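Asker: Just a sequence and a predicted model for now, questions to come.
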Amino acid sequence: MKTNNLNDTLIVETRGALSEMIEEALKTQLKDFKKTFQTHNPDELLTREQTCKFLQIDSSTLWAWTNKGKVIAYGIGNRRYYKKAELLQSLKQLKK
């Protein structure tokens, strides 16, 4: 594998090397994802910004989901909070 620092272009010498790179990247992402869910506190309250980061969505999507009742927001004054446990419960299993 070679990289060109001038324009960050990646040149892969073989398809096998590309497959190995992708597999390794996916394994790393999966480990990080598992670590996130293993260390979470289900009673934790998240701000809108934290909720967007946790669900990996845009704030407009969170606003729409909240208005449609897909996720529940709790408020104090102008602030909105989301319960992490409820966010996890709102995720639905996809049909295979």
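Answerer: Noted; the coordinates are in hand. As the structure is a computational prediction, the values presented were derived from the model and not from experiment.

Asker: How much space separates the residue lying farthest from the centre of the chain from M21?
Answerer: Here the centre of the chain is the reference, and by Cα atoms, centre = their mean the most remote residue is E13, at 31.6 Å. E13 sits 11 Å away from M21, going by Cβ to Cβ, to the nearest Å. For every residue, glycine as well, the C-beta is placed using N, CA and C.

Asker: What of L46?
Answerer: Separation of L46 from M21 (Cβ to Cβ) stands at 33 Å.

Asker: the more surrounded of these two?
Answerer: Counted by other Cβ atoms under 10 Å, L46 and M21 do not tie: L46 has more neighbours, with 17 against 13.

Asker: is it true that that one touches L88?
Answerer: No. With contact defined as Cβ atoms under 8 Å, L46 and L88 do not form a contacting pair (11.3 Å).

Asker: Tell me where this structure has strands.
Answerer: 2-4, 9-11, 45-47, 74-76, 79-83 (DSSP state E).

Asker: wait, what's in contact with D43?
Answerer: Shown in contact with D43 (Cβ atoms under 8 Å, 6 or more residues apart in numbering): 83-85.

Asker: Could you dump those into CSV with pLDDT and distance to Q29 added?
Answerer: As requested, these are exported to CSV (pLDDT from 0 to 100; distance: Cβ to Cβ, whole Å):
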residue, pLDDT, distance to Q29
K83, 93, 25
K84, 90, 20
A85, 89, 23
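
Asker: Just put those in a markdown table and tack on distance to T28 and neighbour count.
Answerer: Formatted as a markdown table, the contacts of D43 follow (distance: Cβ to Cβ, whole Å; neighbours: other Cβ atoms under 10 Å):
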| residue | distance to T28 | neighbour count |
| --- | --- | --- |
| K83 | 29 | 19 |
| K84 | 23 | 18 |
| A85 | 27 | 13 |
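
Asker: Now flag whichever of these is closest to W63.
Answerer: Of all those, W63 sits closest to K83, with 17.3 Å by Cβ to Cβ.

Asker: Hmm, R48 and L62 touching each other?
Answerer: Yes. If you go by Cβ under 8 Å, L62 and R48 touch, sitting 6.2 Å apart.
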